[in-house]
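Q: Got a predicted structure here, sequence first:
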Amino acid sequence: MPEYQAAKLLRLHFTERDRFHGKPLYEAIVEKCRELNIAGATVFRGLEGYGDTAEIHRSHVIRHDLPILVQIVDSAENIGRLLPVVEAMMDKGLIAISEVTTRRIQKADESSA
Amino acid sequence: MLSKGAAKKVTIYLNEDTQRHLGPLYESILSFLMNKGVAGATATRALAGFGAHRELHTPKIEVLAEHLPIRIEFIETAEKVDEILPTLYDMVTDGLIEVQDTNVVKIAMKEKRAAAAAEPHTRKAGTAKLMRIFLGEADRWHGEPLYEAIVKQLRMMEIAGATVYRGILGYGAKGHTHKQSFFHVVRDMPIMISVVESEEKLTPAASMVEGMIQDGLIVISEVEIVRLANSIPPEEDAIARIPGR
């Protein structure tokens, strides 16, 4: 696969309840990624899970506290730039980094019927 | 054993009333094929037709109705066809045999799958590749959602499995933020498809996906797999894993 380039995949695990300056932490992180010109970020909400607090996070009538996963793919350099910023924003949670190879696909829009 | 890919399709044209050993020829051909272990054969009676005798066989005229054309078709591997063709050549005393190249896309066997489920599980560990495909929920492929089309294609390629995730927020390829809003009717949330397969099977799958997506990202990483799997021998595995829809 010659057109694939080496990159880093950053995964941040925390919960829906985590906040940063009054707004959900995942929103704040995505905004920060845009600010730092990171290629892209995607937030996923889990159905159920638990972490280091050993507390099961699941949907509840009055309390929404589901696990959140933020995935970011960018060059090692950009991830290195983002990492200290994100670390400072997260109170608790987990950060996982893996080595990946990526290919960005962007074709002309003519045949997208 | 017939499997996906290149195969031969044999078509035999004969008359309903052509006899062999006091029975109809098509019946003895079918039983011969069954005894030889041919994957499957179908005999169909035609509506009308003519052949070497330059006589139009049609059910409209009672006398001619007894000579309606019969067509027997079966699909087998090239080796198997080579093995049985000399005998068929000998058997068809009046008619025509045609062989053509064909491509088997799917062979599904329902009963086999049910039997396989009862087998004990085994652990299979090793290294594999994990492919993540990032795209948008609103991306289309010939009118259907792109993520659905990709999953269907992956299934046809017999990729072990694929899972589609819908994100709740994100940005990337298109530069705009995907966010669920009360006022938005059209949903365009981020979608991620994850696929785990061996490298040799994932490489063609990745190029297939590359061809399908207009705008997106493919991320591939090395993973270790620890899987619980049915202990089906590999060649049967391929068939058993295709469920009948």
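A: Now that the structure is in, tell me what you want to look at.
Q: Near the residue lying closest to B:Phe74 once chain neighbours are set aside, how many other residues are there?
A: Counting by CB to CB, 6 or more residues apart in numbering or on different chains, B:Phe74 lies nearest to B:Ala41, which is 3.8 Å off, once chain neighbours are set aside. Just so you know, the C-beta spots here come from the backbone N, C-alpha and C atoms, and that holds for glycine as well. Neighbour count of B:Ala41, defined by other CB atoms under 10 Å in any protein chain shown: 20.
Q: Could you verify my assumption that B:Ala41 touches B:Ile72?
A: Yes: counting by CB atoms under 8 Å, B:Ile72 is a contact partner of B:Ala41 at 6.1 Å.
Q: Now for those two: what residues contact both?
A: B:30, B:33 (CB atoms under 8 Å, 6 or more residues apart in numbering or on different chains).
Q: so who does the closest residue to chain A within chain B touch?
A: Residue of chain B nearest chain A, by CB to the nearest CB: B:Gly172 (2.6 Å). Shown in contact with B:Gly172 (CB under 8 Å, 6+ apart): A:39-42, B:134, B:190, B:217.
Q: what's the farthest-apart pair in the residues you listed?
A: Between any two of those, the greatest separation by CB to CB is 13.1 Å, found for A:Ala39 and B:Pro190.
Q: least trustworthy helix or strand in chain A by mean pLDDT?
A: Here the helix or strand of chain A ranked lowest by mean pLDDT, DSSP states H and E is strand A:56-58, holding a mean of 64.
Q: Sorry, wrong one. I was asking about chain B.
A: That would be, for chain B by mean pLDDT, DSSP H and E, helix B:234-240 at a mean of 47.
Q: Which residues of chain B lie near chain A?
A: Chain B comes close to chain A at residues B:132, B:134, B:139-140, B:142-143, B:165-173, B:177, B:190, B:192, B:203, B:206, B:210, B:213-222, as judged by CB under 8 Å from any CB of the partner chain.
Q: Of these, keep whichever come out buried.
A: Applying 16 or more other CB atoms under 10 Å in any protein chain shown to these, the neighbour count classes B:132, B:134, B:139, B:165-173, B:190, B:192, B:206, B:210, B:213-220 as buried.
Q: Contact distance from chain B - what residues of chain A qualify?
A: Proximity of chain A to chain B, by CB under 8 Å from any CB, involves residues A:1, A:4, A:7, A:9, A:26-27, A:30, A:33-34, A:39-45, A:71, A:73, A:98-107, A:109, A:111-113.
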